[in-house]
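1. Got a predicted model here, sequence first, then my questions.
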Amino acid sequence: MARLTTENVGVAKEIISRYPRPKSALIPLLHLSQEQDGYVTEEGMQHIAELVGVTPAEVLGTCSFYEMFKLEPVGRYVVNICNNVSCMLCGSDELIHHAEQRLGIKVGNTTPDGTFTLESVECIAACTEAPALQVNYRFFNKVSTDGFDGLIDDLAAGRLDDDVPAHGTLARVRQHIPDDRRAGSIPPEGQTEPAWMHLNEPPASADGGEPS
Amino acid sequence: MTITDAPKILTARLDRYADAHTIARYEETGGYQALRKALTTLSPGDVADEVKAASLLGRGGAGFPAGVKWGFCPPGVWPRYLVVNGDESEPGTYKDRLLMERDPHQLIEGVLLASYAIGAAQAFLYIRGEMPLAHERVAQALNDAYAKGYIGRNIMGTPFSVDVVLSWGAGAYIVGEETALIESLEGNRGMPRLKPPFFPAAKGLYLQPTVVNNVETLSNVPWIVSNGAAKFTELGADTSKGTRMFAVSGHVKNPGVFEVEYGVTTFRDVIMAPVYAAGVRGDRKLKAFIPGGASSPWLYEEHLDLPLEKVIVDKAGSMLGSGAIVVMDETTDMVKACLSVVSFFAHESCGKCTPCREGTTWLRQILERILAGYGRPSDIDLLMDVSDNISPGLVWPPKQTTICPLGPSATAPTASAIRRFRHEFEAHIDRGMRARGEQPPPAQAVAEPAFAGRDHGGLE
C-alpha cells in the first residue's frame, strides 16, 4: 500500500481544492502519504504528482528539502531530543547520551525491532520546558533520565497509544470547509477589487478608491 | 524593578481558562465582537488606520510596524493574499505555539480583521509541521468558526468573504523567513527569494501583493480594534507599544513565557523578578544572556537594566528579535554554547548562498575541533575571518553577503563569544596542545582582528 487509498484521495482532493494553485498542496499531501504509510514512498510521490499535476521529480524535490519527510521506513516512535541552546544548557547532551544507552542505538538509527528511531533535533519551541523532546511530534517536557526510561517503558507497553499515534499521523482534526460557507480559493489572475473594500465608508468618499 | 499592572492583551484568557481554545469560551469572553464592530461600523481603511495608529510592531523578529506593512501593497493590484507565519522555530522562542494551542480563535479573529483591512482574497495560516496540537486546535477552531458564520462567504451577513486555509510546514527553520515561507506555500523547497524584486507586499504569493504577519502580531489586532489604538499606545514606551510575550529559558529558576508591558519592563525584571523567571539558578552569577533568539548578539550583566524597548536594545548592539531570552550562568562553557547556536544555523542553512552554506559549516567544524582539543592558535582569528566573510565588518545591524539574514545570524554568537570570552577559546586550544606535548603560544592581546570593518561590499 503506497499509492493513496480511495479515502485519502478524497482527503487529498479536498485539500487541493483550497489552494489557488494545486502545487501549493504538496506539503500537506506528503504529510498525508506519510500518515498512511509511516514514511513517504516512491509510489506515494508518483500518485501525488498525478493528483497535483507536476512531475514526480518535482514532488521529490520539495519532499527532500524538509526534515520531517522520511524517505525510508522509521520506527513506530520517532524520538526527537532537542539539542539546541536552551535544552543544551539544561542537560540535553546527558539526555541524548542516556537515550543512546537505553535504546542501544546511536542518534539517527532505529532499534532492530522497528519500535524506536532516535534523533537529535534543532529547537522545537519548548525552550522554557528544557530539556524537551517529542515522540512523533508530541511534546514531553523537562525530561530527566529516569523520566526518559519511564516514557520508553510506557511507549513500548502501548500505554500512551491514545496520546501518541504511530509515526506519520500529525493532527487528528482536519480542516473542513462546508460547501455552503466556502468563499472559494481565489486564483491570482483576473481579479478585481473585493466587494467589501468600501463597506461602512461615508457615502461622500464611496468613490474614493484605495483605502489609506 | 518596574513590574507594571498593564493588562494582559494576549494571555488573559488562556491564563484564566483551561478551555480558552473553545469557541464557547471565546464567545463568552467577548470573542468575535471586534470583528462584528469592524463589519458593522468600520471601513477596511478605518481598521488599517487603527492598527497603524497603534504602532503595533511585528512580533516575529524584525519588529517592523504591522500597520505600515499593510500599507505597502500597491494600489489597484488584485488579488492580495494574507499569509500568517506560524513557523516558530528561532532557538529560545516559545510564544506563537502557546497562542495557537491555547487561544486559536483570538488569532483567527486577528486574521479576519487583517484580511478585511487589506482586502485579502484569501488567507493562509502556515503552522510549523512539528506542532500537531497547535494544528488540531486551530483546525477545530476554524471548523467551529465556519459553522458559526465567522469565516467564509458573506461573513455576518456582510459582503466580506474570505476563506482561511490551514497549511503546514515539514521541518525547516528557514521557512520562517517570509519569502521562503511563500515558496513553501507554493509547494517548493523553502529557499528565500531575492529582495528586490520579490518584496512580498509587491510580488509575494503567486507573485501577487501579499502581507505576511506573525501569529503574536495578529493576535493583538482584536484587542486594538475593540479598545482603540489610543488604549494600546497608553501601554509601553517610545517606539514599543502595548505588551509583548517573552520566553525566558536557560539557567533560571522559573523558566516561562511572560506577557509584560513593552518598552518599560527591563531585562532584570523578566530574568530576576520572583513573578517572572525568579533569578539565576542556584543564585549563581549571570555570565551572559541571549536577548532575542539565537540570531541576536549576546548581552551581559551591564545590560540588565535596559528596558525591553526595540530602539534602545538595537542601539546597545543587539535586538529583541523574537522575544526569546536565554540565560547562561557562570558555569557555562561559552565555546560550547557558541557551537550549539552555530550548529543550528549550519544545519538550517538552505544552501542557496555560498557564504552561508559553506561559512556556517566551517564555523561549526572549527568550533568542534577546538572543543575536541585539536584547535590551533590561529583558529580564533579564523573564526572571525569566516564570520566576516558572511557578515562584512561584523557590525550591528549586520551587513550580509547573502540573500537572507540566516548566515549573518550565525556570526552573532561567534563574534559575541570571541569578543568577550576569547580566553575560553584559548584555554581549550592550550589544553589540547599541552595534551599533545606541544607548547601553546603566549597569550595574545588582540582586541579585534585587523580585518574587522573591512568592506566586502555586502548589502546593507
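-> Perfect, thanks for sending it. Treat the numbers as computed from the prediction; the structure is a model and nothing was measured.

2. pLDDT weak spots in chain B?
-> Applying pLDDT under 70 to chain B flags residues B:1, B:443-460.

3. what residue lies at the spatial centre of it?
-> With distances taken as Cα atoms, centre = their mean, the residue of chain B nearest its centroid is B:S322 (2.6 Å).

4. so where do the helices sit in chain A?
-> A:6-17, A:26-37, A:42-52, A:56-63, A:85-89, A:92-103, A:145-156 (DSSP state H).

5. Comparing the ones you listed, which stretch has the densest surroundings?
-> Counting by mean count of other Cβ atoms under 10 Å in any protein chain shown, helix A:85-89 has the highest mean neighbour count of these, with a mean of 29. Any C-beta I mention is one placed from the backbone N, CA and C, and that applies to glycine too.

6. for the record, mean pLDDT for it?
-> Averaged across helix A:85-89, pLDDT comes to 97.

7. And the contacts of that helix?
-> A:81, A:123, A:127-128, A:130-132, B:91-92, B:249-251, B:255, B:290, B:294, B:326, B:328, B:332, B:336-337, B:340-341, B:344 (Cβ atoms under 8 Å, 6 or more residues apart in numbering or on different chains).

8. and the stretch 301-450 of chain B, which of its residues are near chain A?
-> Contact residues, the stretch 301-450 of chain B versus chain A (Cβ under 8 Å from any Cβ of the partner chain): B:324, B:326, B:328, B:332, B:336-337, B:340-341, B:343-344, B:347-348, B:350.

9. Sticking with B:L218, tell me its helix or strand.
-> helix B:215-219 (DSSP states H and E).

10. try B:V248
-> Counting by DSSP H and E, B:V248 is part of strand B:243-250.

11. For that strand, buried residues please.
-> Residues B:243-250 are the ones in strand B:243-250 that count as buried (16 or more other Cβ atoms under 10 Å in any protein chain shown).

12. Stretch B:17-32 now?
-> B:17, B:20-23, B:25-26, B:29, B:31-32.

13. near chain A at all, it?
-> No. If you take Cβ under 8 Å from any Cβ as the test, stretch B:17-32 misses chain A, and the best it gets is 11.6 Å.

14. Now the stretch 351-460 of chain B against chain A: closest residue?
-> Relative to chain A, the nearest point of the stretch 351-460 of chain B is B:P413 (8.6 Å; Cβ to the nearest Cβ).

15. mind listing the helices for the stretch 101-250 of chain B?
-> Secondary structure of the stretch 101-250 of chain B by DSSP state H, counting those that start in this stretch: the helices cover B:104-118, B:132-147, B:178-185, B:215-219, B:221-227, B:229-234.

16. Let me have those helices in JSON lines, adding distance to chain A as columns.
-> Putting the helices of the stretch 101-250 of chain B into JSON lines (distance: least, Cβ to the nearest Cβ, whole Å) gives the following:
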{"stretch": "helix B:104-118", "distance to chain A": "7"}
{"stretch": "helix B:132-147", "distance to chain A": "4"}
{"stretch": "helix B:178-185", "distance to chain A": "6"}
{"stretch": "helix B:215-219", "distance to chain A": "11"}
{"stretch": "helix B:221-227", "distance to chain A": "13"}
{"stretch": "helix B:229-234", "distance to chain A": "14"}
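
17. which stretch among those comes nearest B:E50?
-> Closest of the helices of the stretch 101-250 of chain B to B:E50 is helix B:229-234, at 5.0 Å (criterion: Cβ to Cβ).

18. Report the backbone C-alpha coordinates of that closest one in CSV.
-> Extracted in CSV, the C-alpha atoms of helix B:229-234 (Å, rounded to 0.1, in the frame of the first residue of the first chain):
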residue,chain,number,x,y,z
ALA,B,229,-5.3,52.4,19.3
ALA,B,230,-5.2,55.1,22.0
LYS,B,231,-5.6,52.5,24.7
PHE,B,232,-2.9,50.4,23.1
THR,B,233,-0.4,53.2,22.9
GLU,B,234,-1.0,54.1,26.6
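
19. what's near enough to touch B:A170?
-> Taking Cβ under 8 Å, 6+ apart as the test, what B:A170 contacts is A:27, A:30-31, A:66-69, B:129.

20. Let me see the backbone angles for the residue of the stretch 1-150 of chain B found nearest chain A.
-> Among residues of the stretch 1-150 of chain B, the one nearest chain A by Cβ to the nearest Cβ turns out to be B:G45. It sits 2.9 Å away. Here is the backbone geometry of B:G45 (degrees, to the nearest 10): phi -60, psi -40.

21. Could you count how many residues lie near it?
-> By other Cβ atoms under 10 Å in any protein chain shown, the residues close to B:G45 number 19.

22. Tell me the buried residues in stretch B:329-342?
-> B:329, B:332, B:334-342.

23. of the buried residues of stretch B:17-32, closest to A:E42?
-> Distances from A:E42 to these, taken by Cβ to Cβ, are shortest for B:H21, at 38.8 Å.

24. about what we covered before: cross the contacts of helix A:85-89 against strands and list the overlap.
-> A:81, B:249-250, B:290, B:326, B:328 (DSSP state E).

25. Columns distance to A:R159 on top of these, output as a markdown table?
-> Formatted as a markdown table, the ones in strands among the contacts of helix A:85-89 follow (distance: Cβ to Cβ, whole Å):
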| residue | distance to A:R159 |
| --- | --- |
| A:I81 | 20 |
| B:S249 | 30 |
| B:G250 | 32 |
| B:I290 | 38 |
| B:V326 | 34 |
| B:M328 | 37 |
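
26. Closest one of those to A:D161?
-> A:D161 lies nearest to A:I81 out of these, by Cβ to Cβ, at 21.4 Å.

27. Provide a list of residues in contact with the closest one.
-> Per Cβ under 8 Å, 6+ apart, neighbours of A:I81: A:87, A:92, A:95-96, A:99, A:118-121, A:131, A:133.

28. go with 10 Å
-> Contact analysis of A:I81 by Cβ atoms under 10 Å, 6 or more residues apart in numbering or on different chains lists A:87, A:92-93, A:95-96, A:98-100, A:107, A:118-121, A:124, A:131-135, A:140, A:143, A:148.

29. Count the neighbours of the residue nearest to B:L320 when sequence neighbours are not counted for me.
-> Leaving aside its sequence neighbours, B:L320 sits nearest to B:G292 (Cβ to Cβ, 6 or more residues apart in numbering or on different chains; 4.5 Å). When neighbours are counted by other Cβ under 10 Å, B:G292 registers 28.

30. just A:G158 next, same as before
-> 9.

31. okay, it: pLDDT?
-> The per-residue pLDDT of A:G158 was computed as 95.

32. how near is it to chain B?
-> Applying Cβ to the nearest Cβ, to the nearest Å, the value for A:G158 to chain B is 20 Å.

33. tell me the contacts of that residue?
-> Applying Cβ under 10 Å, 6+ apart, the residues near A:G158 are A:V164.

34. wait, doesn't B:R357 sit right on B:T401?
-> No. Applying Cβ atoms under 10 Å as the test, B:R357 and B:T401 come out as separate, 11.7 Å apart.

35. Need the residues touching each of those two.
-> Common neighbours of B:R357 and B:T401 (Cβ under 10 Å, 6+ apart) are B:G407.

36. Look at the two and report which has more neighbours.
-> Neighbours per residue, other Cβ under 10 Å: of B:R357 and B:T401, the larger number sits with B:T401, 20 against 17.

37. Not counting its neighbours along the chain, what's nearest B:V51?
-> B:G67 is the one closest to B:V51 (Cβ to Cβ, 6+ apart), at 4.2 Å.

38. Fine, thanks again, bye for now.
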